[in-house]
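S.K.: My questions are about this predicted structure, shown below with the sequence.
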Amino acid sequence: KGRFYPSKQSAIAAVRKLTDELNHQVRHDSLTGLSNRVHFEERLQQVASAAATNGERYAVLFMDIDRFKAVNDSHGHAVGDNLLCEVARRIKSVVRSNDLVARIGGDEFQIVLRDLRELADAFKVADNLRLQLSQPLQLTHQELSIGVSIGVSIGVALSDGVNTGPAELIKRADTALYRVRAIHNNELRLQLQPRFRTNDGAMVAVEALVRWQHPEHGLLGPNRFIPLAEESMLVGQITSWVLSQGIRQLGRLHEQWPHLRLGVNVSARELRVNGDLVPRVMGELQAQR
């Protein structure tokens, strides 16, 4: 019997196919099929470079699954893997085909939202993701309910072509994610700074000051986290928390100082974006009665 010798063209095609498969494996997560960290950072650099040229608006979302370790420990790694695959599927069902979704390790996902018409669209997508992933997941005859934390960082090229770098955007999205955890994990602390009347020394008001009891870095002042909270649109949640806690403590103080006033600092950016401050204050006052 004669031997078969592949043609030069078929050999080249086979090598190209193998090369493409290897490149895909290097740049994609073997479990979910999503892009991995390497591919994500490559594509984000491309998006950032394009934005510097054409002024495209884009955003980076950093997301992780709340209490994922507890699912692994109680249900086993097979269920945990199925959960990650289902989360990946639901993320892809929310974002557009030209957006990029990556699993960068463990239960952490990153998303690039391209060509945004409005910057607020990034936060709408984040809300849709939370809603989609809050629905119960049916996994191998087990129904699980999870929550997710999402940090958002906006990338906008300036008119002179200057653009926030990809590494900085990822850092900001990661930082925004930890701001969300600070609220959810009850790590915020409220301090009341008294104000006294000069002529008789009577206490007439208190100013509500927020601090973050960081699990690793200790007690952080507002200058360490409020500016980034403003950029990531989380400052509204922090303001609501301060109002709620401040009014609650003011109610206790009124037993001894009935004319005491409460001062709360509100971001100018929040006032421009959210014009509902007065109804929120009135709602908190009604809730504390």
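M.R.: Everything's here; your move.
S.K.: Dig out what H214 forms beta bridges with.
M.R.: Per DSSP bridges, the residues bridged to H214 are G218.
S.K.: Settle this for me: it is touching L220, isn't it.
M.R.: Yes: counting by CB atoms under 8 Å, H214 touches L220, with 5.3 Å between them. The C-beta positions use only the backbone N, C-alpha and C, and glycine is treated the same way.
S.K.: Point out where the stretch 101-250 of the chain drops to low pLDDT.
M.R.: Judged by pLDDT under 70, the stretch 101-250 of the chain has its weakly predicted residues at 156-166, 175-176, 178-180, 184, 228, 231-234.
S.K.: what about the helices in it?
M.R.: 120-134, 166-184, 226-231, 235-253 (DSSP state H, counting those that start in this stretch).
S.K.: Could you export those helices as TSV, including distance to G151 and mean neighbour count?
M.R.: Below are the helices of the stretch 101-250 of the chain laid out as TSV (distance: least, CB to CB, whole Å; neighbours: other CB atoms under 10 Å):
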stretch	distance to G151	mean neighbour count
helix 120-134	9	16
helix 166-184	3	19
helix 226-231	9	18
helix 235-253	12	17
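S.K.: need the contact list for E86.
M.R.: L137, L139 (CB atoms under 8 Å, 6 or more residues apart in numbering).
S.K.: I'd assumed it was in a helix, is it?
M.R.: Yes: counting by DSSP: H, G, I helix; E, B strand; the rest coil, E86 is located in a helix.
S.K.: got the buried residues for the helix or strand harbouring Q46?
M.R.: Using DSSP states H and E, Q46 falls within helix 37-54. With burial defined by 16 or more other CB atoms under 10 Å, the residues of helix 37-54 counted as buried are R37, H39, F40, E41, R43, L44, V47, A48, A50, A51, A52.
S.K.: which among the residues you listed gets closest to G105?
M.R.: R37 (6.8 Å; CB to CB).
S.K.: need the contact list for that closest one.
M.R.: A102, I104, G105.
S.K.: ditto for L188
M.R.: A182, V210, R211, W212, Q213, I238, W241.
S.K.: hang on, the earlier thing: pLDDT and distance to D66 added to the buried residues of helix 37-54, as CSV?
M.R.: What follows is the buried residues of helix 37-54, written out as CSV (pLDDT from 0 to 100; distance: CB to CB, whole Å):
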residue, pLDDT, distance to D66
R37, 89, 21
H39, 90, 26
F40, 90, 22
E41, 88, 25
R43, 89, 27
L44, 89, 25
V47, 87, 28
A48, 85, 29
A50, 83, 34
A51, 82, 31
A52, 78, 35
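S.K.: more crowded one of H214 and L220?
M.R.: For H214 versus L220, the count of surrounding residues by other CB atoms under 10 Å is larger for L220: 17 against 14.
S.K.: Not counting sequence-adjacent ones, nearest residue to the more buried one?
M.R.: Excluding the flanking residues, the one nearest L220 by CB to CB, 6 or more residues apart in numbering is W212, at 4.4 Å.
S.K.: And for the one you found, the neighbour number?
M.R.: 23.
S.K.: likewise L31?
M.R.: 12.
S.K.: Likewise for V79?
M.R.: Neighbours of V79 using other CB under 10 Å come to 17.
S.K.: give me the element it is part of.
M.R.: Going by DSSP H and E, V79 is in helix 77-94.
S.K.: pLDDT of that helix, averaged?
M.R.: The average pLDDT within helix 77-94 is 93.
S.K.: Quick one: distance of it to the chain centre.
M.R.: 18 Å (CA atoms, centre = their mean, to the nearest Å).
S.K.: can you pull the buried residues of that helix?
M.R.: Buried-residue list, helix 77-94, by 16+ other CB under 10 Å: V79, G80, N82, L83, L84, C85, E86, V87, A88, I91, K92, V94.
S.K.: same check, this time on stretch 71-78
M.R.: Here stretch 71-78 shows V71, N72, H75 as buried, counting by 16+ other CB under 10 Å.
S.K.: dump the residue contacts of N72.
M.R.: The contact partners of N72, by CB under 8 Å, 6+ apart, come to V79, G80.
S.K.: what about it, distance to E207?
M.R.: Noted for N72: a distance of 44 Å to E207, by CB to CB, to the nearest Å.
S.K.: ok, now E56?
M.R.: For E56, the distance to E207 (CB to CB) stands at 42 Å.
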